[in-house]
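Engineer: Pasted the sequence and its predicted model underneath.
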Amino acid sequence: MIYSFDDLRIDEDEFSKLNKDILEKLAPLYHSTNLNLLAKLIRRNR
């Protein structure tokens, strides 16, 4: 499945500022479906 920034309601400019390594490490700790999905998408797109 392909998601766009509009589908996820994410600001593309702000997304580019995120530290993606830290986000991937912290996502599982919050047990948030959306956060885990975001981390999964980051891993897939690297």
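Structural biologist: Done, it's in. Numbering: from 1, shown residues only.
Engineer: The residue positioned nearest the centre of the chain in helix, strand or coil?
Structural biologist: By CA atoms, centre = their mean, the chain has its centre lying nearest to residue 38, at 2.5 Å. At residue 38 the chain is in helix, as set by DSSP: H, G, I helix; E, B strand; the rest coil.
Engineer: With residue 14 as the reference, measure out to residue 28.
Structural biologist: As for residue 28, its distance to residue 14 is 22 Å (criterion: CB to CB, to the nearest Å). Heads up, the C-betas are built off the backbone N, CA and C, glycines and all.
Engineer: Also residue 43?
Structural biologist: Relative to residue 14, residue 43 is positioned 19 Å away (CB to CB).
Engineer: again, but for residue 46
Structural biologist: Residue 46 is 19 Å from residue 14, by CB to CB.
Engineer: and if you look at residue 40?
Structural biologist: Remark: distance between residue 40 and residue 14 (CB to CB) = 19 Å.
Engineer: Of those two, which one has the most company?
Structural biologist: Neighbours were counted for residue 40 and for residue 14 using other CB atoms under 10 Å; residue 40 has more, 12 against 9.
Engineer: Tell me the pLDDT of that one.
Structural biologist: With respect to pLDDT, residue 40 has a value of 87.
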